[in-house]
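> model the following, please.
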Amino acid sequence: MAESLTYETVGSCTNSHYGLIDRAGKHLYKASLFVDHFWQASPTLLAVKKDGKVTFRKSTGKLAFKGNFTDALSFSEGLCAVRVGDLWGFINEQGSFVISPQYEEALQFQNRLAPAKLDKWGYIDKSGKFVIPPTFSHVLEFSEDMAAVESSGKVGFIDSTGKLVVEPTYDYATSFGEGFALVAKIEGSEERHHIQYIDKNGEVKIDVTELQLKCDPSGRDVRTGSAPASGREMLSTRRSHNEWVHFFSPTGRRPEQFSDGLAVIKCGGRYGYIDKSGKIAIPPNFDEAYAFEEGVAMVRSRKTASFLHKKDCPFRLSEPAGFINKDGKFLIDPKFEDAYSFSEGLAAVEQNGKFGFVDHSGHFLIKPRFDIAKPFFGGGAMVGLPVELWI
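Numbers count the residues shown, from 1 in each chain. As a prediction, the model looks like this:
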């Protein structure tokens, strides 16, 4: 999967100014308190949405170029989808339109193709031409030269020529990662999910549901509520549009996607990891588990003391977060209220209500002082601070 930043905004449970810091913790740019959204659109450009308008700024805060954009995603393969009025087009990093606004919706370029919608979804090249006609109800971006598409109410996969490689027989599907895609079918009156990993030929390589039933014959892990949630990199026939969701991963990689040869599995109500042979590589000892990034994975466990919910953050998770290696051993003990996966050698973690950044040894290189923080991308990280602390 391409290493592009997801469409992720800085949000906080506190009334903070949002800004950008470097690896030394130095403030590079402070955004207005009253911006609607603020995100890193590329390693060198920030996107700021205020009063329904999006502007792109350099890391210093200086306006990078003028534009009349009402929405935008992030740059990928040198181009960024932007909306002008009701139509989407693509600009380059100089702010010039490479593809004029003409589509009802558009997503990011991956593998040289981008999903675009004109009544239905298809795929365009960098000239804006549909090279795969718009005939699909819903689609995902390409990953490893394969893309999940919905046709006649079911999900299958096409290759970069538009050829249907895997027949549309599924209700859910993720993008391919390391040669595998997770797919699911809803079966029976109880609406249980039959979850499997397939290869690029559509051959079943791992039967996840079979593994889950061995862990817990009651089948609680395969009921509807325990199925993969729809979101970024998950196409579901039971929703009306693509959603962009951040899963604690700077690359947007889902826990169910293979990363470093491992993928998250739920067994007996808890989470562990399987390898590509379908064997349990790390026992299900965790309350939550996320994709491996830089050789480590963020997990949550109730084995240590839990944290109280903050009054102004009613949805804050209570299980402390830590980081494990591929042997399942804690490299950094679960002691943080919140955490994100590692990116560029650092991870944003929350301790005693404030975010800082730790290295792989768990040492704070940037001490906790921020109300909110996001992973490093292109040498900078987005953070939030109370107004009076920005200097």
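
> all contacts plus neighbour counts: C-alpha atoms, from now on.
Noted.

> and the closest residue in space to Phe330 that isn't next to it in sequence, how far is that from Ala81?
The shortest distance from Phe330 to any non-neighbouring residue, by C-alpha to C-alpha, 6 or more residues apart in numbering, is to Ile324 (4.2 Å). According to C-alpha to C-alpha, to the nearest Å, Ile324 and Ala81 sit 36 Å apart.

> what about the two, which has more around it?
Ala81 (25 against 20; other C-alpha atoms under 10 Å).

> contacts only, for Leu79.
For Leu79, the contact set (C-alpha atoms under 8 Å, 6 or more residues apart in numbering) comprises Phe90, Ile91, Asn92, Glu93, Gln108, Phe109.

> same question, Ala297
Taking C-alpha under 8 Å, 6+ apart, we find Ala297 in contact with Ala289, Tyr290, Ala291, Phe323, Ile324, Asn325, Ser341.

> swap in Asp125?
Arg112, Leu113, Ala114, Val131.

> and the residues you listed, which are buried?
With burial judged by 16 or more other C-alpha atoms under 10 Å, the buried subset of the contacts of Asp125 is Leu113, Ala114.

> of the contacts of Asp125, closest to Asp260?
Arg112 (24.4 Å; C-alpha to C-alpha).

> what about the closest one, distance to Leu262?
Taken as C-alpha to C-alpha, the span from Arg112 to Leu262 is 27 Å.

> do the same with Ala116
Look at Ala116 and Leu262: by C-alpha to C-alpha, they are 32 Å apart.

> tell me which of the two has more neighbours.
Ala116 (29 against 25).

> can you classify the more buried one as helix, strand or coil?
Judged by DSSP: H, G, I helix; E, B strand; the rest coil, the three-state class of Ala116 is strand.

> now it. Nearest residue, chain neighbours left out?
Of all residues not flanking Ala116 in the chain, Ala106 sits nearest, at 4.3 Å (C-alpha to C-alpha, 6+ apart).

> what would the contacts of Leu79 look like in a markdown table with distance to Ser127 and neighbour count?
A markdown table is the format used below for the contacts of Leu79 (distance: C-alpha to C-alpha, whole Å; neighbours: other C-alpha atoms under 10 Å):
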| residue | distance to Ser127 | neighbour count |
| --- | --- | --- |
| Phe90 | 10 | 28 |
| Ile91 | 12 | 19 |
| Asn92 | 12 | 16 |
| Glu93 | 16 | 17 |
| Gln108 | 14 | 25 |
| Phe109 | 12 | 27 |
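
> my guess is Thr262 contacts Asp275, does it?
Not quite, residue 262 is Leu, not Thr. Yes: judged on C-alpha atoms under 8 Å, Leu262 makes contact with Asp275 at a distance of 4.8 Å.

> tell me the spacing between Gly278 and Val208.
8 Å.

> tell me which of the two has more neighbours.
Val208 (22 against 16).

> so who does the more buried one touch?
His194, Ile195, Gln196, Tyr197, Ile265, Gly278.

> where does it fall, phi/psi-wise?
Per-residue torsions, Val208: phi -70, psi -40 (degrees, to the nearest 10).

> circling back to that earlier point, which residues are common contacts for Leu262 and Asp275?
Residues touching both Leu262 and Asp275 (C-alpha under 8 Å, 6+ apart) are Ala281.

> quick check: buried residues in the helix or strand encompassing Ser100?
Ser100 is located in strand 97-103, with elements delineated by DSSP states H and E. Within strand 97-103, the residues that count as buried by 16+ other C-alpha under 10 Å are Phe97, Ile99, Ser100, Pro101, Gln102, Tyr103.

> show me where the stretch 151-300 of the chain dips below the pLDDT cut-off.
189-191, 219-253 (pLDDT under 70).

> run the chain-centre distance for the host helix or strand of Phe357.
Using DSSP H and E, Phe357 sits within strand 354-358. Using C-alpha atoms, centre = their mean, to the nearest Å, the distance from the centre of strand 354-358 to the centre of the chain it belongs to is 20 Å.

> which SSE is immediately downstream of it?
Next helix or strand after strand 354-358 toward the C-terminus (DSSP H and E): strand 364-370.

> buried sites along that following strand?
Phe364, Ile366, Pro368, Arg369, Phe370.

> export those residues to a markdown table and tack on distance to Val183 and pLDDT?
Formatted as a markdown table, the buried residues of strand 364-370 follow (distance: C-alpha to C-alpha, whole Å; pLDDT from 0 to 100):
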| residue | distance to Val183 | pLDDT |
| --- | --- | --- |
| Phe364 | 39 | 98 |
| Ile366 | 40 | 97 |
| Pro368 | 40 | 96 |
| Arg369 | 41 | 93 |
| Phe370 | 39 | 91 |
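
> make CSV from those residues and add distance to His138 to it.
Listed next are the buried residues of strand 364-370 as CSV, based on distance: C-alpha to C-alpha, whole Å:
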residue, distance to His138
Phe364, 43
Ile366, 42
Pro368, 42
Arg369, 42
Phe370, 39
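
> return the member of those nearest to Lys53.
The closest of those to Lys53 turns out to be Phe370 (C-alpha to C-alpha; 26.7 Å).

> my read is that the closest one contacts Ala381, right?
No: look at Phe370 against Ala381 with C-alpha under 8 Å: they stay out of range, at 11.4 Å.

> ok, back up a step: just flag the most distant two among the contacts of Val208.
With C-alpha to C-alpha as the measure, no two of the contacts of Val208 lie farther apart than His194 and Gly278, at 15.3 Å.

> if we can go back for a sec, from what I can see the residue nearest to Phe330 touches Glu293, true?
No: between Ile324 and Glu293 there is no contact under C-alpha under 8 Å: 10.7 Å.

> highest neighbour count among the contacts of Ala297?
That'd be Phe323 among those, by other C-alpha under 10 Å, with 29 neighbours.
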